[in-house]
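In: Model the structure of this input:
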Amino acid sequence: MPTDDHLSLDRPSPARMYDYFLHGDNNFEIDRAAAEQVIAKVGERLTRDVVWENRNFLGRVVRHLAEDCGITQFIDVGAGLPSQENTHQVARRAVPDARVVYVDNDPIVAAHGQTLLSAEDRELTRIITADLRDPQAILDHPETAEVIDFSKPVAVLLIAVFHFVKDSERPGELVAAFRDRMAPGSYLALSHLSTHDSPAEERAKMEDSYKNATAPMVFRDLPEIEKLFDGFTLTAPGLVPVGRWQPGVEQGESVRRMYGGVARLS
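Out: Got it, this is the predicted structure:
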């Protein structure tokens, strides 16, 4: 469950910094100041461009899972503050009755997100305050049970969240807890900041910028990220820069800092 760090506004929140990078207005001065420090250190391309690229990856993934894979229920962990093209909006273009649970450890996400849901949205959408580091609190949450049927395929979305989880917090075991509850035919979608193509000096600046935030930033190499998919089978095109994951006809450009993939549970 969320810690006291997430309940206070005296430290910047990665979720609200992410919102600021997306030009959102659901953030506070402490978040804006921290985000501007990151921009000043590494530039807009490695902050706002990376975040927008990842956001677009999420949209393509959800559309693909709903339209092409027949997924009708989604758990979006580390969802962050509402923005444009949220998971339930994208999914319901293909599946009008798609069910979605949003999860974040910042209670401001739930408080603000509820105000943006229509009455119709609220029937099939839940926003819960819980922490990825405690998967059972998510999986066993009564509001999760209201909309998610774990006897049927579900998509678990872990988008840009695991680089805020330390090795000591056993990221592989956290994914396994979700996997163990997912029915065959379910999918895992995950994106993660990588050391691949990321200069050490740049990573050090990013890590330093987040040292006083409510969660640290942890870069991982590609084999470490791929290991998070253990027990699943990566679908084409595999683990790739998020800007190049099924971008359409063209190859697609990418800042090549965030890598992502989609995998199926047999």
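
In: going forward, measure contacts between C-alpha atoms and count neighbours the same way
Out: Fine.

In: Which stretches in this structure count as strands?
Out: Assignment of strands within the chain using DSSP state E yields the ranges 73-77, 99-104, 125-129, 155-159, 187-193, 233-234, 240-241, 258-264.

In: Redo the ones you listed as a markdown table? Include mean pLDDT and distance to E85.
Out: Supplementary listing: the strands of the chain in a markdown table, determined by pLDDT from 0 to 100; distance: least, C-alpha to C-alpha, whole Å:
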| stretch | mean pLDDT | distance to E85 |
| --- | --- | --- |
| strand 73-77 | 98 | 13 |
| strand 99-104 | 95 | 14 |
| strand 125-129 | 93 | 15 |
| strand 155-159 | 97 | 14 |
| strand 187-193 | 97 | 17 |
| strand 233-234 | 98 | 25 |
| strand 240-241 | 94 | 21 |
| strand 258-264 | 96 | 19 |
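
In: now these as TSV including mean neighbour count and distance to E143?
Out: Compiled in TSV, the strands of the chain are given as follows (neighbours: other C-alpha atoms under 10 Å; distance: least, C-alpha to C-alpha, whole Å):
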stretch	mean neighbour count	distance to E143
strand 73-77	25	12
strand 99-104	26	8
strand 125-129	24	6
strand 155-159	23	16
strand 187-193	25	21
strand 233-234	17	29
strand 240-241	22	34
strand 258-264	25	25
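
In: Which among the ones you listed is found nearest to L139?
Out: Evaluated over those, closeness to L139 peaks at strand 73-77, with 9.4 Å, by C-alpha to C-alpha.

In: Just want the angle from that closest one to strand 187-193.
Out: 20 degrees (axes from the mean of the first three to the mean of the last three C-alpha atoms, to 10 degrees).

In: tell me what strand 73-77 is packed against?
Out: strand 99-104, strand 155-159 (3 or more C-alpha pairs under 8 Å, 6 or more residues apart in numbering; DSSP states H and E).

In: Name the strands paired with that strand and say parallel or antiparallel.
Out: Sheet partners assigned to strand 73-77 using DSSP bridges are listed as strand 99-104 (parallel), strand 155-159 (parallel).

In: closest one to A66 among the ones you listed?
Out: Distances from A66 to each of the strands paired with strand 73-77 were compared using C-alpha to C-alpha; the shortest belongs to strand 155-159, at 9.4 Å.

In: Of the strands of the chain, which is nearest A119?
Out: Across the strands of the chain, closest to A119 is strand 125-129 (C-alpha to C-alpha), at 9.9 Å.

In: follow-up on the earlier one: output the helices and strands packed on strand 73-77 as a markdown table; include the columns distance to N86.
Out: Rendered in a markdown table, the data for those read as follows (distance: least, C-alpha to C-alpha, whole Å):
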| stretch | distance to N86 |
| --- | --- |
| strand 99-104 | 10 |
| strand 155-159 | 12 |
